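Predicted model and sequence follow; I will ask about them next.
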Amino acid sequence: MFAYTIKRLLIAVPTILMLVVACFFLMHAAPGGPFTSERPLPPAVLANIEARYGLDQPLWKQLWDYLTNIVLYFDFGPSFKFKDRDVNDVIAQGFPISLTYGFLSFLVATIVGLSLGIAAAIRHNTWIDYLAVGLGIAAQALPNFVMGPILILVFTLWLGWLPGGGWNGGQWPYLIMPVIALSTSYMGSIARLTRSSMLEVLNSNFIRTARAKGLSDRSIIWRHALKPTLMPVVTYLGPVFVYVLTGSVFVDIYFSTGGLGQAYVGSALSRDYAILLGVTILYGALTVAVSLIIDLAYAWLDPKIRY
Amino acid sequence: MNRTGITILAAFVSSWVLSSAAFAQSRVPADVKLADDQTFTYRVLDELSSLDPQVVEDTIGSELARDLFEGLMNQDELGNLEPGVATKFDVNDDNTVYTFTLRDNALWSNGDQVTAHDFVYGWQRATDPELASPYQWYMELMSIKNAAEIIKGEKPKEELGVKAVDDLTFEVTLTNPIPYFPQMTTHATTFPTHKGVIEKHGDQWTKPENMVSNGAYVLTEHLPNERSVRERNTKYWNNENTVLDKVVALVINDENVALTRFLAGELDRTDVPAGQFPRLQKEYPGVAISYPRLCNYYYTFNLSDSGPEVFKDIRVRQALALAVDRKIITQNVMAGGQPEAYTFTPAAVSGFEPPTTEMAQMSQADRDARAKALLAEAGYGDDNKLSFDMIYNTSDAHKKVAVALSQMWKQKLGAEVNLGNMEWKVFLETRGNQDFQLARGAWCGDYNEASTFLDLLDSESGYNDGKFNNAELDSLLEQAKVSNEPAALYTQIEQIIAAELPVIPIYHYAGVYMIDSDLGNWPVTNVQQNWYSKNLYKIAE
């Protein structure tokens, strides 16, 4: 398992490198640059700015400098749009916020989704099942860009219970609506996935054997059925974790959280190459890391899997 | 000394006397009861570009810069000059040497005195190629001696034409006489900065914990993309007449969310989304307000060699301009109180009354008839349909206007118009490369003077994307720069534009906002919307 982990980490390096190079050239291929503005800058001013940011160098040199700065100094360069800040600064400020929303949403989606799914499966074809399935489908059909406006309208404008957005030091009233908006549709998917997976497990031979041996329902479900039920769910959880982090873009913008999503979208529009690349690398690295963790989790869940 | 100089100087002297009197009793009328909580919260569309006054380039950042720093001059509610750090200025006979006398009670937020040396440092810094401020051009525009050479790296920044004669006397030498020079010192690029603090903290100096500023407020909190908070600067020389204690700017990208949060009482000011003004005005009279701004909205023809032949025929340009029903655009499409535009310069500009053009005087029916006749004369009709492409940058409001325009041209002139929208940077690049036929354009005045608009149509202007080239217009602009009576020359220029129609003026912008009724003294009469928190107050409800 240790050797496997090392091997996976080694493969991650060229993967991320390819991501950087592809992203770098795609960005430069897009029309307009970071300093294209409504008022074209006089050539002398533009030359000064390009010299300051190294944009007067040939592309390969810019890429080389960029990579060496990251490897040697862990420096992702200055932002072109936010003149007082560099990329490390932007990420250090926005990522903890995005991570907070993402992690809480992930927890809510997983815990509520699993509970609903399990409850529906063990009370198959009762009103609990119908209610859980109904909730799951409804939740799945409500992506965050639909939930956001509904929540603000109800809880901010009509009821006046919750602030309509902002971070404000991460106080809990500011967390509620973004977390609900972000977690709802994933919660629905997890509930439905868990339900069908559990039903399948409950109908399998080894559970019938367990019942025949006279084990209690509780013991069957928690000791025998739960682990195999989780297999397909865990496969899905990996991408969900990455989605709630990167997918928080809408929530970041809509609820003005100050998270990375706003900076990421803004950087693409303003051609702030440095922020765009920095955040892409961060998300890329996260995706690689999460998929490794999921693969390792399989080994724990299913004794048949050995690395 | 020329006429404009005298007018501005006179306005300045009188406003100085007036405002000294006004300062004694502050800007709050005697019958107004102030609220206990003097916090003003407003919405901004986007994160600011910088808090460094020499570097900042966007409106949102400039609003903060005007509160955190104070330059030589400020603007009052009408956009007229009033004293900032400078209490008076003198100018030599040919308008090339300005001498500003600074007040002796202006302090930095750390207690240091604000001196002429701080202005010398800030102005040299603004031209420094190493800092590479995107607003270096502004120092060149101010015609300060050696600015252009310093920007090009041909001279050291120490040779800039600015001098601290003594601690309280700041002298500027210009290469060209600029009568409106004092107006230009209200711009953030010209604000003083604290050398010691910048040298100590480097590019971290704008962080709230490091920043030292000389304005009515100091920065106390800044979470990019979320909020910035500024609070009263107790060291500010006029602190006792500053009413608001705290000003909070919240970044809210979506204007509809911002409106909801305004209605929920979280904000004191926000923008009205396009098209919602009539409804909001009815539901919230006195809160939803609209006032003229110093910006224009137009479509520009590509008249360069790469442009289409059809637009080189002036009759076609006239026909298209005539067939635009500006009343429908302003009242039904935008519906935010925007004035119809028949001239390039907005009527809101000071010191110049744009002429009433022939087109403005006609009825729409007459215009349509004339447009049809002109187009037929140019050889276009049912058997030879006029066909062209028009582009605009992606936005709901621009799309609505473009669709309305294309329908008007189709119905009235039978023209086939292909609409194309582009993401902002792609649009700028396409328009800047003359890779278009008809393109949207808009401009907000950098300073309150007609030349800020008319210069755009100079054949040498970097913004003249349609490549309109008219020697007479160029020469009139040249004359206006040093003229005693620029208004007459501006009128002639507007008449050339009305006759040649290198652009189709559509409307002039209005500021359309929701402003809470307990916010006092919002300067609706300042057409550049240069507002200062120190002049605002919250009224008890």
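That came in fine, so what should we check first?

From here on, just use CA atoms for contacts and neighbour counts.
OK.

how near is B:P182 to B:T190?
11 Å (Cα to Cα, to the nearest Å).

The two: which is more packed in?
Taking neighbours as other Cα atoms under 10 Å in any protein chain shown, B:P182 and B:T190 compare with B:T190 leading, 24 against 21.

I'd assumed B:V56 was in contact with the more buried one.
No. Using Cα atoms under 8 Å as the test, B:T190 is too far from B:V56 to be in contact (11.0 Å).

quick one: buried residues of stretch A:66-73?
Buried residues in stretch A:66-73, counted by 16 or more other Cα atoms under 10 Å in any protein chain shown: A:66-67.

can you list the residues that contact it?
Stretch A:66-73 has contacts (Cα atoms under 8 Å, 6 or more residues apart in numbering or on different chains) with A:75-77.

Repeat that for stretch B:407-415.
Taking Cα under 8 Å, 6+ apart as the rule, stretch B:407-415 contacts B:320, B:323-325, B:368, B:371-372, B:375, B:381-382, B:385-388, B:416-417.

That one: how far from the chain's middle?
34 Å (Cα atoms, centre = their mean, to the nearest Å).

Tell me the secondary structure at the closest residue to B:I496 other than its chain neighbours.
Nearest residue to B:I496 in three dimensions, chain neighbours excluded: B:L473, at 7.2 Å (Cα to Cα, 6 or more residues apart in numbering or on different chains). Classification of B:L473 using DSSP: H, G, I helix; E, B strand; the rest coil returns helix.

Go ahead and confirm B:L473 touches B:T491.
No. With contact defined as Cα under 8 Å, B:L473 does not count as touching B:T491 (11.0 Å).

quick one, which of the two is more surrounded?
Neighbours per residue, other Cα under 10 Å: of B:L473 and B:T491, the larger number sits with B:L473, 24 against 19.

Who wins on neighbours among the contacts of stretch A:66-73?
A:F76 (22 neighbours).

where does the residue of the stretch 101-250 of chain A found nearest chain B fall, phi/psi-wise?
Residue nearest to chain B within the stretch 101-250 of chain A (Cα to the nearest Cα): A:L157, separated by 5.0 Å. For A:L157, the backbone dihedrals are phi -80, psi -50 (criterion: degrees, to the nearest 10).

which non-adjacent residue is nearest it?
Counting by Cα to Cα, 6+ apart, the residue nearest A:L157 is B:A264, at 5.0 Å.

give the contact list for that neighbour.
By Cα under 8 Å, 6+ apart, the contact list for B:A264 reads A:156-157, A:160.

Could you report the pLDDT at it?
At B:A264, the model reports a pLDDT of 94.

And for B:Q25?
48.

one step back: highest neighbour count among the contacts of B:A264?
A:T156 (22 neighbours).

Who are the contact partners of that one?
Contacts of A:T156 by Cα under 8 Å, 6+ apart are A:162-164, B:260-261, B:264.

and what of A:A210?
A:A210 sits in contact with A:I220, where contact means Cα under 8 Å, 6+ apart.

host element of it?
Following DSSP states H and E, one finds A:A210 within helix A:205-212.

Show me what counts as buried in that helix.
A:I207.

which residues touch the helix or strand just after that helix?
Per DSSP H and E, helix A:205-212 leads on to helix A:217-219 as the next helix or strand towards the C-terminus. Residues outside helix A:217-219 that contact it (Cα under 8 Å, 6+ apart): A:R211.

elements contacting whichever helix or strand comes after helix A:217-219?
Per DSSP H and E, helix A:217-219 leads on to helix A:226-246 as the next helix or strand towards the C-terminus. Packing partners of helix A:226-246 (3 or more Cα pairs under 8 Å, 6 or more residues apart in numbering or on different chains; DSSP states H and E): helix A:87-122, helix A:172-202, helix A:273-301.

Can you get me the centre-to-centre distance for the first one and its chain?
Average the C-alpha atoms of helix A:87-122, do the same for its chain, and the two points are 8 Å apart (Cα atoms, centre = their mean).

Buried residues, that helix. List them.
Buried residues in helix A:87-122, counted by 16+ other Cα under 10 Å: A:87-88, A:90-91, A:93-95, A:97-110, A:112-122.

cool, and stretch B:331-340?
Judged by neighbour count (16+ other Cα under 10 Å), stretch B:331-340 contains these buried residues: B:331, B:333-340.

Counting neighbours, what do you get for the residue in the stretch 201-307 of chain A positioned nearest to chain B?
Nearest residue of the stretch 201-307 of chain A to chain B: A:G258, at 4.5 Å (Cα to the nearest Cα). For A:G258, the count of nearby residues is 28 (other Cα under 10 Å).

What strand or helix carries it?
According to DSSP H and E, A:G258 maps onto no helix or strand at all.

residue contacts, it?
Counted by Cα under 8 Å, 6+ apart, A:G258 has contacts A:94, A:97, A:166-167, A:252, B:223-226.

ok, 6 Å please
Contacts for A:G258 (Cα atoms under 6 Å, 6 or more residues apart in numbering or on different chains) come out as B:225-226.

Give me the next element, helix or strand, following the helix or strand of chain B with the lowest mean pLDDT.
Across the helices and strands of chain B, mean confidence by mean pLDDT, DSSP states H and E is lowest for helix B:3-24: a mean of 38. Using DSSP H and E, the next helix or strand after helix B:3-24 towards the C-terminus is strand B:39-44.

so does that next one get close to chain A?
No. Using Cα under 6 Å from any Cα of the partner chain, strand B:39-44 never reaches chain A; the gap is at least 10.9 Å.

How about residues contacting whatever helix or strand comes next after that strand?
Once the chain leaves strand B:39-44, the next helix or strand it forms, by DSSP H and E, is helix B:59-68. Contact with helix B:59-68 is made by B:48, B:53, B:213, B:215-218, as judged by Cα under 6 Å, 6+ apart.

Enumerate the residues of chain B near chain A.
Going by Cα under 6 Å from any Cα, the residues of chain B near chain A are B:49-50, B:129, B:132, B:152, B:225-226, B:252, B:261, B:264, B:425-426, B:429, B:462.

can you list the domains in chain B?
B:5-9+B:36-249+B:516-538, B:292-511 (automatic domain parsing).

Shouldn't B:T101 be within a strand?
Yes. Per three-state DSSP, B:T101 lies within a strand segment.

Excluding chain neighbours, what is closest to it?
Of all residues not flanking B:T101 in the chain, B:T169 sits nearest, at 4.9 Å (Cα to Cα, 6+ apart).

That neighbour - how many residues pack around it?
18.

Check A:K83 too.
Using other Cα under 10 Å, A:K83 has 19 neighbouring residues.

The closest residue to it other than its chain neighbours: what's it in contact with?
Nearest residue to A:K83 in three dimensions, chain neighbours excluded: B:S50, at 5.5 Å (Cα to Cα, 6+ apart). Listed by Cα under 6 Å, 6+ apart, the contact set of B:S50 reads A:82-84, B:56.
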